[in-house]
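S.K.: give me the fold of what follows.
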Amino acid sequence: MTIYGADWTRTGSSPVLTRLGASSGWAAGSHGQTLFNSISPWSSMRRCNLWDDGTPTAYYGDRCYTDTDVINMGQCMVDIPKFYYYVDRQTADHTQFFISDNPADTVPVTGAPTVKLHPMFYNRDGAGCIRDHIYVGAYNGYYNATTAKLESKSGVAPTGTQTLATFRGYAEARNPSGSNKWELMDFLTMSGLQLLYTVEYANFDSQGIIGYGHSNEGAIINTGDTVANGSATVGTVGTNSPLSYRGIENFYGNQNKLIDGVNLKADYKVWVADHDFATNYLAFGHPYVDSNITTATGTDNTYSKDIAVPSSGGVDYTFISASTTGGSSATYLCDVWLATTGTRIMYHGGNRASAGQGGVYYTSIAADSALTSANIGGRLMYMG
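M.R.: Numbering: from 1, shown residues only. Below is the predicted model of the structure:
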């Protein structure tokens, strides 16, 4: 069996999950992380240099790999290979999550269904095209005024104080003529990374398992303080520290990251798209589809307690919050959820001053499209 899973039975407030499938019996939390270093897709997530045409020029450990010379070698990205998943919502208080790299794997639940391709790899050009790889920036996005493009490299101050539309333009400027593969990291990819973390660690308390990251700093930290760690996951629990998840530096903390391809309608319904973000900005029609999920409301002091279940046939891969009453930084999903009425956009992860509110599941879908802040930036994505 090559399928790995985690079981969340919400009968108490503990963020610890039980492992399933091939990982059944393994301890939850950091103990399991080293075991996943030899298991795909986690073991295949690694930093690389990527040309604008999508050609990898070097991988971490290669002689020519670089975190700084992105002009000559290509952007510093993390390669995420295609994987398959299944989410079984058994009851309102019982959910099981599964991941496999084998499309023929069956899920050890009633009926033995087959795993599905995660949507972050599907229909990225509106024509049903399947991508074998998605690449996300290893570093917070930096706008290079000389090239007028967003970059992912070490040793620079990450760019902030720009709208989602402006950041999207910086990212899409990387596209060669006729291509539309460079974007800001989108909702499908964020959700896929959250699922990868969930199954790998079987624990919702990412700050208590990996580390705080830069979540209580006086200023935003320059990119590159995990250069020496390469594709590894690093962090320190209980204090500000360099943090990286499988090579993705500051997946949470330091700066919030704007997330494309998702909009919140005034009725608190979440709409999701997988292509044409720019030409259908803030839309509630094609290519955006109703997720059939109604999100909980929340403020800076409300923590996610439960995961929303779609009303009928909606998306099943998200960690959108269904309720916030009673959560905390050490219980349930352990991270803050923000949502307010009106047409809203999303940012993720928490910033340099989020303290215990940030983490893998920290999400704000309360921002107006005109919002700018030094604490909010973006991250490159390439659809391979």
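S.K.: state the distance from Ile320 to Pro158.
M.R.: When distance is defined by CB to CB, to the nearest Å, Ile320 is 26 Å away from Pro158. Just so you know, the C-beta spots here come from the backbone N, C-alpha and C atoms, and that holds for glycine as well.
S.K.: tell me which residues touch the spatially most central residue of the chain, please.
M.R.: Against the mean C-alpha coordinate of the chain, by CA atoms, centre = their mean, the closest residue is Met190 at 2.5 Å. For Met190, the contacting residues are Ile259, His348, taking CB atoms under 8 Å, 6 or more residues apart in numbering as the criterion.
S.K.: and if we set it to 10 Å?
M.R.: Shown here is Met190, whose contacts under the criterion CB atoms under 10 Å, 6 or more residues apart in numbering are 120, 136, 251, 257, 259-262, 318-319, 346, 348-349, 360, 363, 379, 381.
S.K.: show me the contacts for Asp368.
M.R.: Contact analysis of Asp368 by CB under 10 Å, 6+ apart lists Thr163, Thr340, Gly342, Thr343, Arg344, Ile345.
S.K.: wait, I meant Phe277
M.R.: Phe277 makes contact with 164-165, 168, 171-172, 180, 183-184, 186-187, 260-263, 283, 287-288 under the criterion CB under 10 Å, 6+ apart.
S.K.: element containing Met346, please.
M.R.: For Met346, the element it lies in under DSSP states H and E is strand 344-348.
S.K.: give me the distance from the helix or strand following that strand to the chain's centre.
M.R.: If you walk from strand 344-348 toward the C-terminus, the next helix or strand you reach (DSSP H and E) is strand 363-367. The chain centre lies 15 Å from the centre of strand 363-367; the measure is CA atoms, centre = their mean, to the nearest Å.
S.K.: average pLDDT across strand 363-367?
M.R.: Averaged over strand 363-367, pLDDT sits at 94.
S.K.: and after that strand, which helix or strand comes next?
M.R.: Downstream of strand 363-367, the next assigned helix or strand under DSSP H and E is strand 376-377.
S.K.: give the partner strands of that following strand in its sheet and their orientations.
M.R.: With DSSP bridges as the criterion, the sheet partners recorded for strand 376-377 are strand 256-264 (parallel).
S.K.: between the strand it pairs with and strand 363-367, how big is the angle?
M.R.: Between the axis of strand 256-264 and that of strand 363-367 there is an angle of 70 degrees, by axes from the mean of the first three to the mean of the last three CA atoms, to 10 degrees.
S.K.: now strand 256-264 against strand 344-348, angle please.
M.R.: Our comparison of strand 256-264 with strand 344-348, counting by the same axes, to 10 degrees, yields an angle of 140 degrees.
S.K.: mind checking pLDDT for Asn91?
M.R.: If you look again at residue 91, you'll see it is Thr, not Asn. According to the per-residue confidence, Thr91 scores 77 in pLDDT.
S.K.: quick check: it vs Asp306, distance?
M.R.: Between Thr91 and Asp306 the distance is 12 Å, computed by CB to CB.
S.K.: same check on Met190?
M.R.: To Asp306, Met190 is 19 Å away according to CB to CB.
S.K.: likewise for Tyr347?
M.R.: In this structure, Tyr347 and Asp306 are separated by 21 Å, where distance is defined by CB to CB.
S.K.: quick check, Arg124 in contact with Gly384.
M.R.: Yes. Contact criterion CB atoms under 10 Å: Arg124 and Gly384 qualify, at 9.2 Å.
S.K.: doesn't His94 make contact with Thr11?
M.R.: Yes. When contacts are counted by CB under 10 Å, Thr11 is listed as touching His94 (8.5 Å).
S.K.: in terms of neighbours, single out the busier of those two.
M.R.: Between Thr11 and His94, counted using other CB atoms under 10 Å, His94 has the larger neighbour count: 13 against 7.
S.K.: so what's the more buried one bridging to?
M.R.: On the basis of DSSP bridges, His94 is bridged to Thr9, Thr91.
S.K.: tell me who's in contact with it.
M.R.: Applying CB under 10 Å, 6+ apart, the residues near His94 are Asp7, Trp8, Thr9, Arg10, Thr11, Asp88.
S.K.: select only the buried ones of these in ChimeraX?
M.R.: Selecting only the buried members of these in ChimeraX, with burial defined as 16 or more other CB atoms under 10 Å, works like this:
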select :7,8,88
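S.K.: in the stretch 1-150 of the chain, which spans are helices?
M.R.: Counting by DSSP state H, counting those that start in this stretch, one finds helices in the stretch 1-150 of the chain at the ranges 30-35, 70-73.
S.K.: with distance to Ala232 added, can I get the ones you listed in JSON lines?
M.R.: Compiled in JSON lines, those are given as follows (distance: least, CB to CB, whole Å):
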{"stretch": "helix 30-35", "distance to Ala232": "10"}
{"stretch": "helix 70-73", "distance to Ala232": "21"}
